[in-house]
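A.B. asks: mind looking at a prediction? Sequence and model below.
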Amino acid sequence: MLSVSFTPEDLLGVTFATGPAPLMELVLVTGMAQRDVSPVFRRWQHAIRAGFPQGARRLLELVSPEATGPMFLDPLSHGLEDGLDMILSAPTDTVRVELERVCRASRPVTPWIRGLADRDKAAWQDLEQAVRSAYASFVAPSWSRVRSGFDAERAWRTRFLAQHGIRATLAGLVPGGHWQGTTLVFDCLKHGEVELTGHGLVLLPSLVWDGPPLVAVHEGAASILIYPALTPLPLLGPRDGGDPLSALLGRTRAAALGLLTRQLTTTDIARELDISRSSASEHTKALRDARLIVTERDGKAVRHSCTPLGLDLLTGTAAAP
């Protein structure tokens, strides 16, 4: 269980990131390459592992399978170059504190990490090369899809916020989120207690992360909450400027939601979309977790249909210019 305690100032200061953070996504990809992932990510993970550049493997010394690494490694940058500038100019005291924290929690202390702590020029050149190599292999080729998916996610969450308020929005970021007073609780295997600092919270969806929410607490600045986007990167096809609902949910999942304006079974959905029953079941689970459909048992049959939120999403995107 992960709990995040809010002050009134934090609740009043909740905002969405204006765009995806490339180096944050890079750190998350590095974590995903090492962890057990959900079925939807397995083929993508296999490609990441097979194509992990030799020059990028230094990142594995810094980033755990839980995607926890030194905070100077994943600044909220707009691109690679400004992000690298922030990494390379991180204060030495900050670097040492963060490396000590990461090594104490999950990473062995290697000679290279000692070199980073001592500001060894060769060690920092290795780090820059690792970031550049990983970015070129994993982030740059899919950046247009990441950006498109991020924009769709942000638009939908912002609309949800306007209709349902901040508490429902935060609790709905992942299945099982709920409030205990002014503490937001996520039901997950990761255990932790986070106290925000009164400087607000930036919501940052990730298209390459399927783990529990991650919170980076910053003293004197807004903290960051990273959560899995509704539609992960492997389900997004090439960006074509078409249906905005497909950009948010992925083509197959959007089509399934469209079918469920009438009540259908999982078998019905599989037949109409020409997919396997197990795939149809996976899509209905994701739509149900997002509160876009409800599932009812009718004897031996299980039937699905849109919730008012699902219908509202369908009609809203249909009316979009």
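C.D. replies: Good, I have the coordinates.

A.B. asks: so how far is A67 from the residue nearest to L28 when sequence neighbours are not counted?
C.D. replies: Leaving aside its chain neighbours, L28 sits nearest to W209 (4.5 Å; criterion: CB to CB, 6 or more residues apart in numbering). Any C-beta I mention is one placed from the backbone N, CA and C, and that applies to glycine too. From W209 across to A67, the span is 7 Å (CB to CB, to the nearest Å).

A.B. asks: that's a helix at L189, yeah?
C.D. replies: No: per DSSP: H, G, I helix; E, B strand; the rest coil, L189 lies outside any helix segment and is coil.

A.B. asks: show me the contacts for it.
C.D. replies: The contact partners of L189, taken as CB atoms under 8 Å, 6 or more residues apart in numbering, are P212.

A.B. asks: which residues do W209 and A67 both contact?
C.D. replies: Common contacts of W209 and A67 (CB under 8 Å, 6+ apart): L28, G31, M32.

A.B. asks: the first one belongs to a helix?
C.D. replies: By that I understand L28. Yes: under three-state DSSP, L28 sits within a helix.

A.B. asks: got the end-to-end distance for stretch 11-24?
C.D. replies: This stretch, stretch 11-24, spans 23 Å end to end (CA to CA, to the nearest Å).

A.B. asks: tell me the buried residues in it?
C.D. replies: L11, G13, V14, F16, A17, P20, A21, P22, L23, M24 (16 or more other CB atoms under 10 Å).

A.B. asks: rewinding a little: compare W209 and A67 (neighbour count), which wins?
C.D. replies: Relative neighbour count places W209 above the other of W209 and A67, with 27 against 23, counting by other CB atoms under 10 Å.

A.B. asks: can you give me the helices in this structure?
C.D. replies: Assigned by DSSP state H, the chain shows helices spanning 8-12, 22-32, 39-50, 59-62, 80-88, 92-105, 111-117, 121-134, 143-171, 244-249, 251-259, 266-273, 277-289, 308-319.

A.B. asks: quick one: the third one to helix 121-134, angle?
C.D. replies: Using axes from the mean of the first three to the mean of the last three CA atoms, to 10 degrees, the interaxial angle of helix 39-50 with respect to helix 121-134 works out to 130 degrees.

A.B. asks: by contact count, what packs against helix 39-50?
C.D. replies: When contacts are defined as 3 or more CB pairs under 8 Å, 6 or more residues apart in numbering; DSSP states H and E, helix 39-50 packs onto helix 22-32.

A.B. asks: same question, the longest one
C.D. replies: Judged by 3+ CB pairs under 8 Å, 6+ apart, helix 143-171 is in contact with strand 14-16, strand 178-180, strand 201-206, helix 244-249, helix 308-319.

A.B. asks: next, the angle from the third one to helix 143-171.
C.D. replies: Looking back up the chat, that one is strand 201-206. Interaxial angle of strand 201-206 relative to helix 143-171 (the same axes, to 10 degrees): 130 degrees.

A.B. asks: what strands line up against strand 201-206, and which way round?
C.D. replies: Sheet pairing of strand 201-206 (DSSP bridges) gives strand 14-16 (parallel), strand 223-228 (parallel).
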